[in-house]
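Peer 1: Here is the input, now give the coordinates:
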Amino acid sequence: MVLEMAILHVLKGEELHFENDFAIASLFIQSISGYISHSLRKCIEEENKYLLLVEWEKLEDHTIRFRESESYLEWKKLLHHYYNPFPIVEHYEMVVENKK
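Peer 2: Numbering: from 1, shown residues only. Presented below is the predicted three-dimensional model:
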């Protein structure tokens, strides 16, 4: 499993519109082979800052299957105009995990 992580800085005053469009865009990312799950979390200290976490089976499921798909074009159309600056996307693999 690969965890995609991005910190999203949304234009101030556009948070509610972004959240609504994100709900729609979620349908596109979920349609990709290799997708496992995703979550969007809102920062408590900065109301226009979000954390996007997406779990993929393999790195290529995000970097190739999603990024080269028609679904990505729809995702991009719905969401990319909200970001300033544009987010840096990183990928992580599990080293240690503890759950209660």
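
Peer 1: and residue 21, that's in a helix?
Peer 2: Yes. Counting by DSSP: H, G, I helix; E, B strand; the rest coil, residue 21 is located in a helix.

Peer 1: doesn't residue 80 make contact with it?
Peer 2: No. Counting by Cβ atoms under 8 Å, residue 21 does not reach residue 80; the two are 10.4 Å apart. Where you see a C-beta, it was placed from the backbone N, CA and C, and this is true even at glycine.

Peer 1: So the two - more neighbours on which side?
Peer 2: residue 21 (17 against 10; other Cβ atoms under 10 Å).

Peer 1: For the residue nearest to the more buried one when sequence neighbours are not counted, which residues are in contact?
Peer 2: Closest residue in space to residue 21, ignoring its immediate chain neighbours: residue 78 at 4.7 Å, by Cβ to Cβ, 6 or more residues apart in numbering. Residue 78 sits next to 21-22, 24-25, 28 when contact means Cβ atoms under 8 Å, 6 or more residues apart in numbering.

Peer 1: quick one: the strands in this protein?
Peer 2: Secondary structure of the chain (DSSP state E): strands at 2-9, 35-42, 49-56, 89-93.

Peer 1: May I have the strands that pair with the shortest one, each with its orientation?
Peer 2: Okay, so that is strand 89-93. Strand pairing for strand 89-93, determined by DSSP bridges: strand 2-9 (antiparallel).

Peer 1: quick revisit: the strands of the chain into CSV, with extra columns for distance to residue 67?
Peer 2: Listed next are these as CSV, based on distance: least, Cβ to Cβ, whole Å:
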stretch, distance to residue 67
strand 2-9, 11
strand 35-42, 13
strand 49-56, 11
strand 89-93, 10
